[in-house]
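**Q** No letters, just coordinates:
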């Protein structure tokens with residue numbers, strides 16, 4: 001977990017590789033549907049362009065379908081999910097359905113203004129239409145309103161690991177892996 005631009009996607013791939021499990025990114029799922037021109041992709045694009053979250057029912061269905069794939073049978077890392085309290089409840093049900101357990105939640109802590117600069121730069125280099133400064137700031141507001149409350153939920157469950165997300169990618173990766181060293185996957 002972490003605000004938009006915190007480096008969740010960057011860290012997810014490396015951490016998942018370390019555990020030999022797939023990193024499941026809702027952003028990647030959304031962007032694949034957009035590039036393929038699916039109805040779901042068109043709907044997702046409308047929300048992403050406005051800096052809003054894609055509705056829970058759409059997101060939940062896509063995540064449920066993805067974790068039911070064979071490569072996730074041995075476990076998986078979620079990147080960008082859950083983002084709302086309703087998604088936490090849905091994830092709890094999905095985990096029971098798959099027979100897995102939720103072992104840990106990592107939240108990357110970063111400076112909000114640094115994130116704006118990171119994302120504007122990413123938009124310029126990657127050509128992402130959802131990374132204008134206004135949209136970025138709106139995404140930060142939505143994160144604060146809808147996703148930050150999940151930090152307390154997972155802290156209360158004893159699953160939360162807060163990691164400093166500032167610095168070079170390898171340094172952040174080492175901090176994430178160090179935070180997870182005491183976690184025994186179920």
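**A** Perfect, I can see it now. Keep in mind that this is a model prediction, so the values were computed, not measured.

**Q** measure residue 62 to residue 99 for me?
**A** 20 Å (Cβ to Cβ, to the nearest Å). For the C-beta atoms, the positions are set from N, CA and C on the backbone; glycine is no exception.

**Q** check which helix or strand covers residue 163.
**A** Per DSSP states H and E: residue 163 is located in strand 160-164.

**Q** Buried residues in that strand, which are they?
**A** Of the residues in strand 160-164, 160-163 count as buried by neighbour count, 16 or more other Cβ atoms under 10 Å.

**Q** Could you give the number of residues near residue 17?
**A** Residue 17 sits with 12 neighbouring residues when counted by other Cβ atoms under 10 Å.

**Q** cool, and the one 5 residues further on?
**A** Residue crowding around residue 22 was assessed by other Cβ under 10 Å; the count is 21.

**Q** so residue 51 touches residue 143, yeah?
**A** No: using Cβ atoms under 8 Å, residue 51 makes no contact with residue 143, being 10.0 Å away.

**Q** centroid residue for this structure?
**A** Per Cα atoms, centre = their mean, the C-alpha nearest to the average position across the chain is that of residue 80, at 1.5 Å.

**Q** show me the contacts for that one.
**A** Residue 80 makes contacts with 8-9, 25-27, as judged by Cβ atoms under 8 Å, 6 or more residues apart in numbering.

**Q** got these as CSV, with pLDDT columns?
**A** Listed next are the contacts of residue 80 as CSV, based on pLDDT from 0 to 100:
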residue, pLDDT
8, 92
9, 91
25, 93
26, 90
27, 85
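
**Q** Got a PyMOL select line for the buried ones in those?
**A** To isolate the buried members of these in PyMOL, using 16+ other Cβ under 10 Å:
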select buried, resi 8+25+26+27
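
**Q** from the contacts of residue 80, which is closest to residue 134?
**A** residue 27 (19.0 Å; Cβ to Cβ).

**Q** what's the spacing between that closest one and residue 93?
**A** Taken as Cβ to Cβ, the span from residue 27 to residue 93 is 22 Å.

**Q** that older thread, farthest pair in the buried residues of strand 160-164?
**A** Largest pairwise distance in these, by Cβ to Cβ, is 10.2 Å, between 160 and 163.

**Q** For residue 37, see how far away the residue nearest to residue 119 when sequence neighbours are not counted is.
**A** In space, and not counting its chain neighbours, residue 119 is closest to residue 5: 4.3 Å by Cβ to Cβ, 6 or more residues apart in numbering. The gap separating residue 5 from residue 37 is 27 Å, by Cβ to Cβ.

**Q** neighbour-wise, which of those two wins?
**A** Neighbours per residue, other Cβ under 10 Å: of residue 5 and residue 37, the larger number sits with residue 5, 25 against 9.
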